[in-house]
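> how would this look folded up:
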Amino acid sequence: MTLRSVVVAPGRHTAWFGYGAGDTPAREVTLPGRGDPVGGDLSAFSRHLCFQPGTVVFQDLPGLTPEAFTALLRDHGWKTTDAAIEHQSGWWTCTQDEREVHVSVRAWQTSREPFLDDAAPAAMARRLAWWHDTTGQPYRTSLGVATVATILASLREMGDGKDKGVPTLVLRDWDAKTKVMGQGDIHYRTTKPHNAETVWQWDMRSAYLASAAQAYLAYGPLRNTGNLPADTNTGPAAGYYRIIVDDAFRLVLNPNRIERDGSTWCTHEMIRYLRELGHAPLTVDSWTARTSGRLLRTWAEWWRDLQAGHPRQGEYLKAGYAQAFGMMASPGGLLYRRDWNHAIEDRTRVSLLRRIGRLDARYPVLRINVDAVQFAEGTYADRDAIAEMIGEGPHIGNMKFEGMKPWDKPKKRKR
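Residues are numbered from 1 along each chain as shown. Presented below is the predicted three-dimensional model:
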């Protein structure tokens, strides 16, 4: 068994050790150093455990400040930055020789993490060990950050661990260059009256995860390529395109992203879809990369299998990848690729549009909310017909019938 995590209650001089081996329960241990709960416990870890586990959580360190705790870690030979103090996250990344340990003080965390909030110390140690054992990476900071670490590990494996084989993971100074965006999620509601109290609803299974597996993502940094024609034999280069909106394809675009001059920015995923429909949009500007590929396909398929193999923890795995994709659009993170985030969003939008395009006039869409689609109720034959047209199935990216949902009628405006 491998020690993966430790949860410490300094006031009780007690720790719970979590092991990454199946359902092995956490082991409760009494620590030495009863005369000094803080220094004694910390010294015990430094001297006896050497911070071998991937994650160490202190429930509280009474009488100690974050600044003093940072100094104490350094006194024990650990290297750590001041990020925990600057961001007030309550998490430290400590390194010594080839060891890396993520340390947290629960009482100092400004935002509580659902993954740990409802867990007693023993359960917390086991849950942290489960994450490390299952994903191959120690838990750190939040579900999103911990998931990003698994994405980075996958990308480095793809490049054999060599920097030259790893995609550009941070777009430095990108925001200083331009504020381009993709088309984003779909939010649509019919303007025709619908008097029924309930409707049928289908949701796409793990929509963003499925899109991450299929989306073509830029390998290197983006560069300004001007009015690069998007209609090429090899497919559009990965990146952003500013196109002139034509009435022939206006309805598939996000009306909130169309600028006053009649242009809009979209990613190559939307350009590819417009070409499928037979359109050749006029490009007036672009930011693209020289090479691209389905960079997250291996990782997304592996994460899909994790969800299938751990249904009880599926909510944490799903929240992890959702947060990770959102963090791609946040400067200063471990993986800042805003273009990847927008490409995945546009891929999800396009996938839903393709499915809706298979429907015939008998089944008008009443409402779309990101990846959920609602229709008027009908017969069993109608339900089966809709299911076949939009691709109902058991796999990620397939549609799932959610049954009847209440139809929230538009509220009348007060005069």
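> how many neighbours does residue 131 have?
Using other CB atoms under 10 Å, residue 131 has 29 neighbouring residues. From N, CA and C alone the C-beta is placed, and that goes for glycine too.
> cool, and residue 351?
21.
> Just to check, it is in contact with residue 206?
No - between residue 351 and residue 206 there is no contact under CB atoms under 8 Å: 11.7 Å.
> Common neighbours of these two, please.
When CB atoms under 8 Å, 6 or more residues apart in numbering defines a contact, the residues bordering residue 351 and residue 206 alike are residue 397.
> quick one: contacts for the residue lying closest to residue 265 once chain neighbours are set aside?
Spatially, and ignoring its direct neighbours in sequence, residue 265 is nearest to residue 180 (4.5 Å; CB to CB, 6 or more residues apart in numbering). Applying CB under 8 Å, 6+ apart, we find residue 180 in contact with 240, 242, 265, 287.
> Tell me which other helices or strands the helix or strand harbouring the first one touches.
Secondary-structure assignment from DSSP states H and E places residue 240 in strand 239-244. The contact analysis (3 or more CB pairs under 8 Å, 6 or more residues apart in numbering; DSSP states H and E) places strand 239-244 against strand 263-267, helix 268-276, strand 283-288, helix 338-357.
> Now it: buried residues?
Neighbour counts over strand 239-244 (16 or more other CB atoms under 10 Å) mark 239, 240, 241, 242, 243 as buried.
> Also stretch 98-115?
For stretch 98-115, the neighbour count (16+ other CB under 10 Å) marks 101, 102, 103, 104, 105, 106, 108, 109, 113, 115 as buried.
> distance of the fourth one from residue 139?
Noted for residue 104: a distance of 9 Å to residue 139, by CB to CB, to the nearest Å.
> Now do the shared contacts for these two.
residue 55.
> Which SSE is immediately downstream of the worst-scoring helix or strand of the chain on mean pLDDT?
Within the chain, no helix or strand scores below helix 37-44, which has a mean of 50 by mean pLDDT, DSSP states H and E. Remark: after helix 37-44, the chain's next helix or strand is strand 55-58, criterion DSSP H and E.
> Give me the average confidence score over that following strand.
Across strand 55-58, the average pLDDT comes to 89.
> Equivalent analysis for stretch 174-191, please.
When pLDDT is averaged along stretch 174-191, the result is 84.
> same check, this time on stretch 124-134
Averaged across stretch 124-134, the pLDDT comes to 91.
> before we move on, what about stretch 316-335?
92.
> Any idea how far apart the tips of that stretch sit?
20 Å (CA to CA, to the nearest Å).
> What of stretch 361-381?
End-to-end distance (CA to CA), stretch 361-381: 15 Å.
> same check, this time on stretch 190-210
27 Å.
> from the buried residues of stretch 98-115, which has minimum pLDDT?
Within these, lowest confidence goes to residue 113 (77).
> nearest residue to that residue other than its sequence neighbours?
Nearest to residue 113 is residue 142, by CB to CB, 6+ apart, at 5.5 Å.
> contacting residues around residue 342?
181, 182, 184, 240, 267, 329.
> what sits against the third one?
Shown here is residue 184, whose contacts under the criterion CB under 8 Å, 6+ apart are 254, 256, 257, 342, 345, 346, 349.
> repeat that with 7 Å
Residues near residue 184 by CB atoms under 7 Å, 6 or more residues apart in numbering: 254, 257, 345.
> Check the first one too.
When contacts are counted by CB under 7 Å, 6+ apart, residue 181 touches 257, 265, 342.
> for the contacts of residue 180, which one is nearest residue 190?
Closest approach between these and residue 190, by CB to CB: residue 265, at 27.2 Å.
> now the closest one: how far from residue 139?
Applying CB to CB to residue 265 and residue 139 gives a distance of 37 Å.
> Now residue 317: which helix or strand?
Short version, using DSSP H and E: residue 317 is in helix 314-327.
> Can you list the buried residues in that helix?
Under 16+ other CB under 10 Å, the buried positions of helix 314-327 are 316, 317, 318, 319, 320, 321, 322, 323, 324, 325, 327.
> One more: stretch 298-305?
Quick answer for stretch 298-305 (16+ other CB under 10 Å): 299, 300, 303, 304.
> just stretch 84-101 next, same as before
84, 85, 89, 90, 91, 92, 93, 94, 96, 101.
> so where do the strands sit in the stretch 101-250 of the chain?
In the stretch 101-250 of the chain, the strands defined using DSSP state E, counting those that start in this stretch lie at 187-189, 198-204, 217-218, 223-224, 239-244.
> mind listing what the fourth one pairs with, with the direction of each?
Within its sheet, and counting by DSSP bridges, strand 223-224 is paired with strand 283-288 (antiparallel).
> Now do the strand it pairs with, average pLDDT.
pLDDT averaged over strand 283-288 gives 92.
> For it, give me every contacting residue.
178, 180, 222-230, 237-244, 263.
> buried set for that strand?
So for strand 283-288, counting by 16+ other CB under 10 Å, buried means 283, 285, 286, 287, 288.
> Poorly predicted segments of the stretch 201-350 of the chain, please.
Scanning the stretch 201-350 of the chain for pLDDT under 70 picks out 230-234.
> repeat that with 80
228-235 (pLDDT under 80).
> picking that back up, tabulate the contacts of residue 181 (TSV), appending distance to residue 402.
As requested, the contacts of residue 181 are exported to TSV (distance: CB to CB, whole Å):
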residue	distance to residue 402
257	28
265	33
342	27
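> Which one of those is nearest to residue 308?
Using CB to CB, residue 342 is the member of the contacts of residue 181 that sits closest to residue 308, with 27.9 Å.
> How much space separates that closest one from residue 292?
As judged by CB to CB, residue 342 and residue 292 stand 14 Å apart.
> swap in residue 68?
48 Å.
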